[in-house]
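Novice: Make a model of this:
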Amino acid sequence: MVVSRHINRPTQVDVARLAGVSRATVSYVLNKVPESRVPDKTRRRVLRAIEQLGYEPDVRAQALRSGTTNTVALIIPDLGNPHFCEYATAVEDAARACGYHVLLYSTTLNDEYALAIFKDLARRRFDGLIIVSGFILQSKEAKTTLARLLHRGLPVVELTEYYGVDSVSAQYDEATKELMSYLFSLGHRRIAMIYGVGGHELANDRLLPYQVSLETAGIPFDSNLVQECGPTIRDGYEACKKLLQLETRPTAIVAINDVLAIGALRAATDLKLQIPNNLSVIGYDDIPMADFLVPRLTTVTKDAYMLGTRAFEILMARIQNPELPRQTIHHLPRLIIRESSGQAPF
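Specialist: Coordinates of the predicted model:
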């Protein structure tokens, strides 16, 4: 049979006409309605017509009829950081296993763009929202838009504890104290920090425990040893060079994430320092490449993939039962000691 090409998208009416059945029968076949009792021969004829016409159901129309879209939205702060990409991978894997799709947004650590994202989300239909750790709504308008989404009953899960919704959180406070104790045990006293964030105080769970640990150990805090910078590898590289050019350079550098730590490793190597004999470097997040660097990077992990998976599971539970009490999960990060840290040079 020769089927003429449709300039417009084929409809259920077109399928019904080609198959010689009613539109209702086509709908029964597409939606697999058990009580419809469509004969197998008729069902096969409808499916054959669907294939010949290249018919695809209108997802928006289905969503309007069912009230669901089988789609969730995910907001991460920065696609350039593999740590946040691990969250996205985990959510997508978990969503796919449940027959869901993911709308992925990255704020690029930009307040204005973050607001544009929330305005776009307010116009879209989707079943739930996950906001990844590190993203904080700064503007009043963005907060108002989120409040509007919550008011309409949208399930929201955060990987922080800022918004009073279901949450999966892992703060680095205690792990930072453990990290500092570890460096003290190796004889380090002049410990620097590369504090590279995208414009917000997103790493206070590392900076504040760092300061407290120094105070507890009787070591005066030196603001020259905290090098603020941007969030990229290049930023970490330049920040490390500045620290190593101090009159009395640090014996250890703690970068607030592995991306910055990678930049620091390269800077130290370019300055002919041996890691860890001349300088110890430690990061956070345990991104996949951290265990494959030379030397392997000592880091603190909170297992982003696991947290992303749990966030989606909690979101699904909320979608299925909106009356659940607020769900909160707290996870304790841990220090992973590898080759980039060692005894302080004397």
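Novice: out of everything not next to it in sequence, what's closest to Ala142?
Specialist: Leaving aside its sequence neighbours, Ala142 sits nearest to Leu115 (C-beta to C-beta, 6 or more residues apart in numbering; 4.6 Å). Quick note: C-beta positions are derived from backbone N, CA and C, even for glycine.
Novice: Check which element follows the strand or helix carrying the one you found along the chain.
Specialist: Counting by DSSP states H and E, the element that carries Leu115 is helix 111-123. Reading on from helix 111-123 to the C-terminus, the next helix or strand found by DSSP H and E is strand 128-131.
Novice: Which strands or helices does that next one pack on?
Specialist: Helices and strands touching strand 128-131, by 3 or more C-beta pairs under 8 Å, 6 or more residues apart in numbering; DSSP states H and E, are strand 71-76, strand 156-158, helix 304-320.
Novice: so which of those gets nearest Thr89?
Specialist: helix 304-320 (6.7 Å; C-beta to C-beta).
Novice: And the helices and strands packed on strand 128-131: which comes nearest Met193?
Specialist: Closest approach to Met193 among the helices and strands packed on strand 128-131 (C-beta to C-beta): helix 304-320, 21.5 Å.
Novice: Would you indicate which residues of that closest one are buried?
Specialist: 304, 307-316, 318-319 (16 or more other C-beta atoms under 10 Å).
Novice: Just checking: what are the partner strands of the host helix or strand of Gly283?
Specialist: Using DSSP H and E, the element containing Gly283 is strand 280-284. As defined by DSSP bridges, the strand partners of strand 280-284 come to strand 252-255 (parallel), strand 298-301 (parallel).
Novice: Can you name the residues in contact with the last one?
Specialist: Read it as strand 298-301. Outside strand 298-301, the residues that touch it by C-beta atoms under 8 Å, 6 or more residues apart in numbering are 172, 175-176, 179, 258, 261, 280-286, 290, 333-341.
Novice: Among those, which lie within helices?
Specialist: Judged by DSSP state H, these include 175-176, 179, 258, 261 as members of helices.
Novice: what comes up buried for stretch 72-79?
Specialist: By neighbour count on 16+ other C-beta under 10 Å, the buried set for stretch 72-79 is 72-78.
Novice: What segments of the stretch 101-250 of the chain are helices?
Specialist: For the stretch 101-250 of the chain, helices defined by DSSP state H, counting those that start in this stretch occupy the ranges 111-123, 140-151, 173-185, 204-216, 233-244.
Novice: which of these sits most buried?
Specialist: Compared across the helices of the stretch 101-250 of the chain, helix 233-244 shows the largest average neighbour count, a mean of 21 (mean count of other C-beta atoms under 10 Å).
Novice: what's the angle from that helix to strand 280-284?
Specialist: Relative orientation of helix 233-244 versus strand 280-284 (axes from the mean of the first three to the mean of the last three C-alpha atoms, to 10 degrees): 140 degrees.
Novice: Which elements pack onto helix 233-244?
Specialist: Packing partners of helix 233-244 (3+ C-beta pairs under 8 Å, 6+ apart): strand 191-196, strand 226-229, strand 252-255, helix 258-270.
Novice: Show the contacting residues for Asp166.
Specialist: So Asp166 contacts 155-158, 314-315, 318, 326-328 (C-beta under 8 Å, 6+ apart).
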